[in-house]
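[1] need coordinates for the below:
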Amino acid sequence: MKRIKSTNIISRGKLLDGYVYYENGRIVSVTDRELPFDEEYDAGSNFVSAGFIDIHTHGGGGFSFEGEVSDVINGVNFHLTHGTTSICPTVSAAPIDDMRRSLGNIKAAMSDGRVMAYIIGAHLEGPYLSLAQTGAQAGACITFPIKNDYVSIVSDYRGTLARWTYAPENDQDTEFAEYMRGAGVLTSAGHTNATYTDMKRALDAGCALVTHLYSCTSTVTRDHGFRSLGVIESTFLEDGIVAEIIADGKHLPPELIRMIYKIKGSDGIVAVTDSLSLAGTDVKMGRMSSTDFIIEDGVCKLLDRSAFAGSIATADVLLRVLTKETGIPITDAVKMLTENPARVMGLTDKGLLEEGYGADIVVFDSDISVKAVFVSGEKRV
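    Numbers count the residues shown, from 1 in each chain. I've put the predicted structure just below:
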């Protein structure tokens with residue numbers, strides 16, 4: 001029996017002065033009582049929470065999740081050092097054979113002994129997106145859903161594919177969404193010009209998440225004077241839709257994050273990095289996917305500084321922004337990085353410090369600097 005001792009254990013939205021007991025990779029008890037133990041990690045007054053869960057990231061530490069198996073492993077292990085114990089490697093829109101190749105490498109990484117965190121499964125961000133909301137996606141690869149392709153991918157990568165971002169307005173009969181629901185794959189509305197009618201149809205077909213709200217998501221439109229809600233307003237209106245946000249303080253300013261928090265509450269938000277492979281590197285300028293970029297002000301920008309080219313955040317940065325810059329209570333902010341993504345992804349034994357859950361634990365100080373990370377009870381950082 002091992003335990004972690006702290007005066008600031010975050011469990012079920014509360015702070016506890018006590019202990020997390022765990023054995024054989026599972027939490028046995030979270031309590032203020034003394035129980036028999038064999039080994040102790042004394043975290044002092046540092047915070048102790050469930051490990052962070054990032055369900056949208058393209059890489060980090062110089063490694064892309066669209067690279068080789070070793071790149072996937074190294075990218076996952078990089079994010080682990082910043083507190084991320086569970087992760088969804090994300091693949092952008094590309095020729096379908098390239099996306100399949102990336103899925104194959106993620107599948108191989110999931111069973112590779114060198115990977116130190118838990119890979120939930122792959123997240124495909126495309127190619128079934130809106131040409132009007134491409135953002136940094138490759139417009140030449142964007143298509144309407146092609147049944148033969150997505151059925152083949154699900155068949156070949158069942159257990160590897162965990163999430164698929166698509167534009168609901170291009171799935172009018174909800175055939176794609178219904179198929180994914182039947183296959184146990186989470187559908188998420190992203191890079192989309194959908195109206196409320198589209199979003200309601202998608203919600204009824206199992207779409208429960210919006211990919212990076214406010215980034216490549218539609219707002220109110222008018223047609224001959226008649227207004228229609230867009231993705232943003234639909235997310236606020238419907239309790240069944242969870243808002244994924246890039247909480248790096250750049251893609252969304254703190255005051256906008258506060259507004260989303262005020263409307264959706266602590267249960268309705270999942271914070272993600274949506275990080276590029278450039279996260280955690282010293283690179284300041286270069287070329288990526290035929291796009292020239294510059295990194296400054298804590299974000300990757302197009303070289304002409306006309307728009308962002310992507311995030312360079314890690315999970316600890318998100319928590320720092322949510323608490324220090326946005327003013328969200330630490331317990332609610334941690335929920336957006338642990339309990340909420342676990343619930344959305346259907347992970348029944350992750351995201352909480354609670355009896356029976358996996359001992360995925362992160363220790364960090366008041367400045368949100370990671371001090372230790374445990375995966376299934378094993379200290380990895």
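
[2] next one: the residue lying closest to Arg158 once chain neighbours are set aside from Ser152, what distance?
    Take Arg158 and drop its neighbours on the chain: the residue closest to it by Cβ to Cβ, 6 or more residues apart in numbering is Ala183, 6.8 Å away. Where C-beta positions appear, they are placed from N, C-alpha and C, glycine not excepted. Here the distance between Ala183 and Ser152 works out to 12 Å (Cβ to Cβ, to the nearest Å).

[3] quick revisit: got the contact list for the residue nearest to Arg158?
    For Ala183, the contacting residues are Val154, Arg158, Leu161, by Cβ atoms under 8 Å, 6 or more residues apart in numbering.

[4] the last one bridge partners, please.
    According to DSSP bridges, Ala122 are recorded as the beta-bridge partners of Leu161.

[5] for stretch 58-75, C-alpha coordinates in CSV please.
    Only the C-alpha atoms of stretch 58-75 are listed here, as CSV (Å, rounded to 0.1, in the frame of the first residue of the first chain):
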residue,chain,number,x,y,z
HIS,A,58,-1.5,17.3,-32.5
GLY,A,59,1.8,16.8,-30.8
GLY,A,60,4.5,18.4,-28.6
GLY,A,61,8.1,18.5,-27.8
GLY,A,62,8.9,18.6,-31.5
PHE,A,63,7.0,15.4,-32.2
SER,A,64,3.9,15.2,-34.4
PHE,A,65,1.1,12.7,-33.8
GLU,A,66,0.9,12.3,-37.6
GLY,A,67,4.5,11.1,-37.6
GLU,A,68,6.0,7.6,-37.1
VAL,A,69,5.3,5.4,-34.1
SER,A,70,8.3,6.8,-32.2
ASP,A,71,7.0,10.3,-32.8
VAL,A,72,3.6,9.4,-31.3
ILE,A,73,5.3,7.8,-28.3
ASN,A,74,7.7,10.8,-27.7
GLY,A,75,4.9,13.3,-28.1
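
[6] for it, buried residues please.
    Of all the residues in stretch 58-75, those buried under the rule 16 or more other Cβ atoms under 10 Å are 58-67, 69, 71-75.

[7] how about stretch 285-294?
    Quick answer for stretch 285-294 (16+ other Cβ under 10 Å): Met288, Phe293, Ile294.

[8] low-confidence stretches in the protein?
    Regions of the chain meeting the criterion pLDDT under 70 cover residues 289-290.

[9] got the domain ranges for it?
    1-51+351-381, 58-348 (automatic domain parsing).

[10] got the end-to-end distance for the last one?
    For domain 58-348, the first-to-last residue distance is 24 Å (Cα to Cα, to the nearest Å).

[11] in the stretch 251-381 of the chain, which spans are strands?
    Here the stretch 251-381 of the chain has its strands, by DSSP state E, counting those that start in this stretch, at 269-272, 285-288, 291-296, 299-302, 308-310, 361-364, 370-375, 378-379.

[12] can you pull the contacts of Ser188?
    Arg163, Trp164, Thr165, Tyr166, Cys207, Ala208, Leu209, Val210, Thr211, Glu244.

[13] what's the answer for Lys107, then?
    Lys107 touches Ala122, Tyr157, Gly159, Thr160, counting by Cβ under 8 Å, 6+ apart.

[14] from Val48, how far off is the closest residue in space to Thr192 that isn't next to it in sequence?
    In this structure, Thr192 finds its nearest non-sequential neighbour in Ala167, 3.9 Å apart by Cβ to Cβ, 6+ apart. For Ala167, the distance to Val48 equals 40 Å [Cβ to Cβ].

[15] turn the contacts of Ala183 into CSV, including distance to Gly265 and neighbour count.
    Converted to CSV, the contacts of Ala183 look like this (distance: Cβ to Cβ, whole Å; neighbours: other Cβ atoms under 10 Å):
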residue, distance to Gly265, neighbour count
Val154, 33, 18
Arg158, 34, 12
Leu161, 30, 24
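
[16] closest to Met110 out of the residues you listed?
    Leu161 (11.2 Å; Cβ to Cβ).

[17] what's that closest one in contact with, if anything?
    With Cβ under 8 Å, 6+ apart, Leu161 has these contacts: Leu103, Gly121, Ala122, Leu124, Ile153, Val154, Ala183, Val185.

[18] mind redoing it with 10 Å?
    Counting by Cβ atoms under 10 Å, 6 or more residues apart in numbering, Leu161 touches 91, 103, 106-107, 121-124, 150, 153-154, 180, 183-186.

[19] ok, how many other residues are close to the residue nearest to Thr192?
    A count of neighbours around Ala167, defined by other Cβ atoms under 10 Å, yields 28.

[20] from memory it sits against Val210, does it?
    No - here Ala167 does not reach Val210: they are 11.4 Å apart, not a contact under Cβ atoms under 10 Å.

[21] quick check: neighbours shared by the two?
    Common neighbours of Ala167 and Val210 are listed as Ala189, Gly190, Thr192, Ala194, Ala202, Val231 (criterion: Cβ under 10 Å, 6+ apart).

[22] just those now: which is nearest Ala117?
    Minimum distance to Ala117 across the shared contacts of Ala167 and Val210 is 23.9 Å, recorded for Gly190 (Cβ to Cβ).
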